[in-house]
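*Asks:* sequence and predicted structure below; questions after.
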There are 2 protein chains.
Amino acid sequence: MNIGIVGLGLIGGSIGLKLQSLNHKVFGITNNNLNLQKAKERKLANIISNDYQILQNCRIVILALPIKDLLNPTKELIKAIPEKAILTDVGSVKENIINLVEKKIPESVSWIPSHPIAGTEESGPESGFAELFKNRWCILTPSKKSKKADIRLLQRFWEVLGSKVDIMKAKQHDYILSITSHIPHLIAYNIVNSTINIQDEKKSNIVKYSAGGLRDFTRIAASNPIMWRDIFIQNKKNTSKMINKFIKNLKDLKNAIENENGKKLEKIFTNTKKIRKEIIDAGQDVKKPDFGRK
Amino acid sequence: MNIGIVGLGLIGGSIGLKLQSLNHKVFGITNNNLNLQKAKERKLANIISNDYQILQNCRIVILALPIKDLLNPTKELIKAIPEKAILTDVGSVKENIINLVEKKIPESVSWIPSHPIAGTEESGPESGFAELFKNRWCILTPSKKSKKADIRLLQRFWEVLGSKVDIMKAKQHDYILSITSHIPHLIAYNIVNSTINIQDEKKSNIVKYSAGGLRDFTRIAASNPIMWRDIFIQNKKNTSKMINKFIKNLKDLKNAIENENGKKLEKIFTNTKKIRKEIIDAGQDVKKPDFGRK
């Protein structure tokens, strides 16, 4: 099957590598000259170009673009989507974008947003790898322009990449992901930022003693700033609501500490310990202590 | 040199394994029968017993005990510390404990608290390994009963285990560690606890989609509940102060998101990204994306 990927960063590049290993023909687009060069060196697609014409025979076109580019797709891009093709994206927020894109694309195109819950703190064409989607979940949030048979085909597509697929409404997606992904990122950014503020004059201390816990947060807080800026803003209602709940619970913990309520603390910490085992049992993290770092 | 270790969990067991590999003679104490059995199976010390008498010829005695046992050392333990020995611990909080122990031990004992900033989310005699301290920092916080020559010897001791050593006051230690270790743990506990509360009826969703960020926090939030209960309570002043700063900054971020102040968000997220590189350059975390998880 001919498959087009617009954007060859971490996600687009990883899709390209895996598809080629399965003998699909992959057409990759990137508008950035430097990335074009890097993508060619790494052979992220069979044909790599900045000319949208190469997409003309693609059955599936994946917009592996930053949210800001999805919010304002160029006319050139819209024009290049082949008739009756499946159009999907890989973005972390759905509700706003689904409607926006829906209005702009031709009637015959089957627009089915995807969100593969996979990634690392790196980005760009140098960062992709074929096994990124293995054992990860991918959520489809069909639009009014999603054809039923095409949803099944796109589901199969992600399964071939190694993912497990769930289908839900965009609104539900944005709510759940605010909990499992967006708030964890915001909290990581906030703790690292707070630490920088507090210790600005003694920065070396943060770095030196970071193995006590902080270093884990610095990995997440090293994620792509532009991408996360846009995720939080596009999902601002859920983000705000979750921050309020988080702060409320944190104040409860603070009170328990100040009142030396050891029983309460122990109960909460015993409870949180259980989830780790469930995540490992579900294959969503490695079993090794300390993530197997050495 | 003869070295005694009281408590053969993650830290005590790791010390025992490393020391034996360097041909020191290690005397290990544990009061728990099941742990005694496991410690013997894993050969965590040359001689392992629940009888404190084995410590009588030790030059250094390490109390690798939970904070609660340090706060209330048994008479039997106090009596077993050899005259003129170096006594140290491995606890994460110093100011309260330093004074408490100081009062209870004989005049001739050189009491020099240690804090090796190393560990995993696991605990118990099955979890130790010889290389735990390699390239990690260890902080010494001398007491009034620390002899100068003994501080130098204890510094050398930790260096032999693979650590780099800093010496500072207990008060400063508790302040810095509240930032680099205690607050990150509390925040991780809080985010996992908040998630459990929100999603209690849909727990499977958390687990399924946790690879989007949350799973990292579940590792830290799987740490020993008793240990962390006691750390927070023993360092409650610093913990409270830092929670307040954290909440203040989080509210600022929330406002920036609600007002769609992309510039501010981008600036903060770009700033936090830099620290990650410094931590990796300092050898305090692995360079691999996603901690090298596969």
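*Replies:* Sure, I can see it. The structure presented is a predicted model; accordingly, all values stated were derived computationally and were not measured.
*Asks:* residues contacting residue A:132?
*Replies:* Contact analysis of residue A:132 by Cβ atoms under 8 Å, 6 or more residues apart in numbering or on different chains lists A:10-11, A:14, A:18, A:116, A:118-120. Every C-beta, even on glycine, is put in place using the N, C-alpha and C of the backbone.
*Asks:* among the residues you listed, name the buried ones.
*Replies:* The neighbour-count test (16 or more other Cβ atoms under 10 Å in any protein chain shown) marks A:10-11, A:14, A:18, A:116, A:118-120 as buried among those.
*Asks:* and stretch A:221-233, what's buried?
*Replies:* Here stretch A:221-233 shows A:221-233 as buried, counting by 16+ other Cβ under 10 Å.
*Asks:* re earlier: looking at the buried ones among the contacts of residue A:132, which are in strands?
*Replies:* Using DSSP state E, the members of the buried ones among the contacts of residue A:132 that fall within strands are residue A:116.
*Asks:* what's the closest of the buried ones among the contacts of residue A:132 to chain B?
*Replies:* The closest of the buried ones among the contacts of residue A:132 to chain B turns out to be residue A:120 (Cβ to the nearest Cβ; 3.8 Å).
*Asks:* how about the nearest residue to that closest one, chain neighbours excluded?
*Replies:* Nearest non-adjacent residue to residue A:120, counting by Cβ to Cβ, 6 or more residues apart in numbering or on different chains: residue B:289, 3.8 Å away.
*Asks:* OK, contacts around that neighbour?
*Replies:* Contacts for residue B:289 (Cβ under 8 Å, 6+ apart) come out as A:120-122, A:127.
*Asks:* TSV for these, including pLDDT?
*Replies:* Compiled in TSV, those are given as follows (pLDDT from 0 to 100):
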residue	pLDDT
A:120	94
A:121	93
A:122	94
A:127	96
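*Asks:* returning to that earlier point: now, the contacts of residue A:132 that are in helices?
*Replies:* Counted as lying in helices by DSSP state H, out of the contacts of residue A:132, are A:10-11, A:14, A:18.
*Asks:* quick revisit: what separation do you get for the residue nearest to residue A:120 and residue A:16?
*Replies:* Noted for residue B:289: a distance of 18 Å to residue A:16, by Cβ to Cβ, to the nearest Å.
*Asks:* where is the longest helix in chain A?
*Replies:* Assignment by DSSP H; longest helix in chain A turns out to be helix A:236-258.
*Asks:* now the angle from that one to helix B:236-258?
*Replies:* Between helix A:236-258 and helix B:236-258, the angle formed by their directions is 170 degrees, by axes from the mean of the first three to the mean of the last three Cα atoms, to 10 degrees.
*Asks:* the closest residue to residue A:67 other than its chain neighbours: helix or strand, and which one exactly?
*Replies:* Closest residue to residue A:67 apart from its sequence neighbours, by Cβ to Cβ, 6+ apart: residue A:230 at 3.9 Å. Taking DSSP states H and E as the definition, residue A:230 sits inside helix A:225-234.
*Asks:* run through who's touching that helix.
*Replies:* Helix A:225-234 is contacted from outside by A:66-68, A:71, A:92-93, A:96-97, A:123, A:182, A:185-186, A:189, A:239, B:257, B:260, B:262, B:265-266, B:269-270, B:273, using Cβ under 8 Å, 6+ apart.
*Asks:* ok, 6 Å please
*Replies:* Helix A:225-234 has contacts (Cβ atoms under 6 Å, 6 or more residues apart in numbering or on different chains) with A:66-68, A:92-93, A:96, A:182, A:185, A:239, B:257, B:260, B:262, B:265-266, B:269-270.
*Asks:* pick out the lowest-pLDDT one from those residues.
*Replies:* Lowest pLDDT among the contacts of helix A:225-234: residue A:68, with 90.
*Asks:* residue ranges for the strands of the stretch 101-250 of chain A, please.
*Replies:* Ranges of strands in the stretch 101-250 of chain A, per DSSP state E, counting those that start in this stretch, are A:110-111, A:114-116, A:137-140, A:164-167.
*Asks:* now the helix or strand following the longest helix of chain A against helix A:236-258, angle please.
*Replies:* On the C-terminal side of helix A:236-258, the closest following helix or strand by DSSP H and E is helix A:262-281. With the same axes, to 10 degrees applied, the angle from helix A:262-281 to helix A:236-258 works out at 130 degrees.
*Asks:* where does the residue nearest to residue A:67 land on pLDDT?
*Replies:* Confidence at residue A:230, expressed as pLDDT, is 97.
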